[in-house]
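> need coordinates for the following:
(4 chains)
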There are 2 protein chains.
Amino acid sequence: MAWVTTPRTTGSGSPTLDDVARVAGVSRATASRAINGGQRVSARAQSAVDTAVRSLGYVPNPAARSLVTRRTDSIAVVVPEPDDRVFSDPFFAGTLRGVTRVLADRDIQLVLLLARPGASTARTLRYLTNRHVDGALVVSHHRDDRLAEHLADLGLPCVFGGRPWTGHDRVAYVDVDNTAGEREATEVLVARGCTRIGTIAGPADMTAAADRLAGWRQAMAQAGLPTGAVEHGDFTEASGEAAARALMERHPDLDGLVVASDLMAAGALRVLAELGRRVPEDIAVVGYDDLGVAERTTPQLTTVRQPVEEMAERATRLLLERVDAVGASRPMRVIIPPTLVRRASA
Amino acid sequence: MAWVTTPRTTGSGSPTLDDVARVAGVSRATASRAINGGQRVSARAQSAVDTAVRSLGYVPNPAARSLVTRRTDSIAVVVPEPDDRVFSDPFFAGTLRGVTRVLADRDIQLVLLLARPGASTARTLRYLTNRHVDGALVVSHHRDDRLAEHLADLGLPCVFGGRPWTGHDRVAYVDVDNTAGEREATEVLVARGCTRIGTIAGPADMTAAADRLAGWRQAMAQAGLPTGAVEHGDFTEASGEAAARALMERHPDLDGLVVASDLMAAGALRVLAELGRRVPEDIAVVGYDDLGVAERTTPQLTTVRQPVEEMAERATRLLLERVDAVGASRPMRVIIPPTLVRRASA
DNA sequence: GCCGTCTATGGAAGCGCTTCCACAATTTCG
DNA sequence: CGAAATTGTGGAAGCGCTTCCATAGACGGC
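Predicted structure coming up:
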């Protein structure tokens, strides 16, 4: 039986189910059943198929399988704007880690879908339209792409990381309570006696940034403090520096600073040091994220922890549930409470 | 013609090529030709098909297409060990950026293949075996996985980022000349008059680390200096700290330190500051990478720049060439020369 | 001992696409 | 002006798989 040891029975190409069936002495149908879970397969047939699979080194052709099952066993992680920021951001790294951790258990692959800035949202949508993947996880999306609505229209199972601007009642999403988090952060400064508290907010077209700003406003209002000292950055260290500089110029008497990301806070700390302000004695600073950066600044940052990996895991699990769900399940949201982490800067 | 405006002609599901052909009034064969490049298609037929495609919102089913073309229009980026290090490493981020930049021009998707540490290399290989992707780009691989040989056996087009340990004569790879880079870095210290130069090397199971260590050895030998002060880290900041501490304990009189990565160098700088050593006056330090970290240390690091993105681009282009090549092209290597970047630390 | 039930099994029908091949229509050229 | 080449087209085969359905046994229960 020379053909048992020779992997390729049908001339060229890798072995097919047909080859397996022939070698195992069963029909294609039985071989297929044996390979997928083995419902209605006798022990005899099962082991014959198993042996054949092993001896041939058979691996099912995913395209053929996908053609009939309408499943691809892969999900997309959609990053609408993969500018340099996204990749360097620990947020992204953490997300990827969380996603892969969940995916590793199932046999599902991850397709990274990076829409370049500009008009390529159309391309992304086209890709998602033809069911190249079973579902999509959208991270870091911006205001004007209306991605949530488009995806909802598509009927493709999807979950957003962070509340989408529009269509948030039509898609599922996982988010932290950014408003509560920033409120809490601000209250730390209030409690410590700061009365002139400024904020460096994130980009205005991201819900997380807007929510944090709202949280700061709420806490300030509640404490009866003025909310004039606001400056926007884009979550990068450089933008934090610029914002801090602008803020300190306009409001040299600030004694508290609420920054919407640790990276920006790191930039701000550098500027404050330059200006000779002691932190927290002259001005107390709180950041946001706690993804490693906060521990490396001088002084270490008091900040609000976002459990990114946990969020990513939850989001992925949610997505997989929706992929598996037969009917259309209703949109769901998971809101994770933030945690304050106290360190030296406030 | 109600069905022209109704996307779904055949009951449920998305429109198929059949629908397009029917609407355009041509055969499936002609419709297919018109959609793919339009060889041997009359202008009349072409425009009829184009119109039909648009009105139906037709998108080809990738699984069906892939089944017959044996192409998936996607490549895998294989990360053999996606420990936390990989994601946080700017090297990885840069690589991803380079890859996506090249891929964006063609209509090729990126599948992230993260083998978990442990025995899951088998799973990765299985995935790659069944031609789920057209090619593989392997980054950050370690000694014992023998991935290069396995992939060569598979016959799947692949390119390695960094010279693989074994089988490097059987696969293509893109690398920087790590030996020359570290030699040059060491020579900076020699030229500056250092005579007791230690090194913090990378993990011994990575070729890049081994090559850099060799470079250091070469330069030291050439200068007639002793090569006893060697300590290994794993490219992380923490390991750099530990290594520096160990090194300074064993050789308190060092006046030069060659570190195999900027991240480790950052850790080392912190230790040196703690120990009250002035850099570069008491001890000069050079790093390796120049991917952002080097500019943020105090003092800023003199280092060897690795053009990661360029490397990733080259590797990706090389891979795509090999995917397109009909026959098996011979293994190729691209070696990129490193560049020394002088800053304050040496 | 016969009938209904249940379990395995294989035949066959597709999934949606590309492409080979044959053929008709047109053009080119000796 | 007829033969040869060229071009556009559709029929049909098939990529490798799953799954419906019919059927053949095995098995109790009356």
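> so A:Ala122: helix, strand or coil?
Put simply, A:Ala122 is helix when judged by DSSP: H, G, I helix; E, B strand; the rest coil.
> so what pLDDT did the closest residue to A:Val53 other than its chain neighbours get?
Sequence neighbours aside, A:Val20 is the residue nearest to A:Val53 in space, at 5.8 Å (criterion: CB to CB, 6 or more residues apart in numbering or on different chains). The way it works is simple: take the backbone N, C-alpha and C, and place the C-beta from them, glycine included. Confidence at A:Val20, expressed as pLDDT, is 94.
> can you tell me the element A:Trp310 falls in?
Let me fix one detail, which is that residue A:310 is Glu and not Trp. helix A:308-324 (DSSP states H and E).
> residues touching that helix, excluding its own?
Contact with helix A:308-324 is made by A:75, A:90-91, A:94-99, A:101-103, A:106, A:108, A:134-137, A:157-161, A:172-176, A:291, A:329, A:332, A:334, A:336, as judged by CB atoms under 8 Å, 6 or more residues apart in numbering or on different chains.
> what subset of these is buried?
A:75, A:90-91, A:94-99, A:101-103, A:108, A:134-137, A:157-161, A:172-176, A:291, A:336 (16 or more other CB atoms under 10 Å in any protein chain shown).
> show me those that map onto strands.
Among the buried ones among the contacts of helix A:308-324, DSSP state E puts A:75, A:135-137, A:158-161, A:172-176, A:336 in strands.
> now those in JSON lines, with pLDDT and distance to B:Ile35?
Output for these, formatted as JSON lines (pLDDT from 0 to 100; distance: CB to CB, whole Å):
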{"residue": "A:Ile75", "pLDDT": "94", "distance to B:Ile35": "27"}
{"residue": "A:Gly135", "pLDDT": "93", "distance to B:Ile35": "27"}
{"residue": "A:Ala136", "pLDDT": "93", "distance to B:Ile35": "25"}
{"residue": "A:Leu137", "pLDDT": "94", "distance to B:Ile35": "30"}
{"residue": "A:Cys158", "pLDDT": "90", "distance to B:Ile35": "27"}
{"residue": "A:Val159", "pLDDT": "93", "distance to B:Ile35": "32"}
{"residue": "A:Phe160", "pLDDT": "92", "distance to B:Ile35": "33"}
{"residue": "A:Gly161", "pLDDT": "90", "distance to B:Ile35": "35"}
{"residue": "A:Ala172", "pLDDT": "91", "distance to B:Ile35": "34"}
{"residue": "A:Tyr173", "pLDDT": "93", "distance to B:Ile35": "36"}
{"residue": "A:Val174", "pLDDT": "94", "distance to B:Ile35": "38"}
{"residue": "A:Asp175", "pLDDT": "93", "distance to B:Ile35": "41"}
{"residue": "A:Val176", "pLDDT": "93", "distance to B:Ile35": "45"}
{"residue": "A:Ile336", "pLDDT": "92", "distance to B:Ile35": "45"}
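> near chain B, which of these show up?
Among those, none lies close to chain B by the criterion of CB under 8 Å from any CB of the partner chain.
> ok, now which ones touch the residue nearest to A:Val53?
A:Ala31, A:Ile35, A:Val49, A:Ala52, A:Val53, A:Leu56, A:Tyr58.
> just the CA atoms of whichever strand or helix holds it, as PDB, please.
Element membership for A:Val20 (DSSP H and E) is helix A:17-24. Extracted in PDB, the C-alpha atoms of helix A:17-24 (Å, rounded to 0.1, in the frame of the first residue of the first chain):
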ATOM      1  CA  LEU A  17     -11.300  14.700   1.700                       C
ATOM      2  CA  ASP A  18     -11.700  12.400  -1.200                       C
ATOM      3  CA  ASP A  19      -8.300  10.900  -0.600                       C
ATOM      4  CA  VAL A  20      -9.100  10.500   3.100                       C
ATOM      5  CA  ALA A  21     -12.300   8.800   2.300                       C
ATOM      6  CA  ARG A  22     -10.700   6.400  -0.100                       C
ATOM      7  CA  VAL A  23      -7.900   5.500   2.300                       C
ATOM      8  CA  ALA A  24     -10.300   5.100   5.200                       C
END
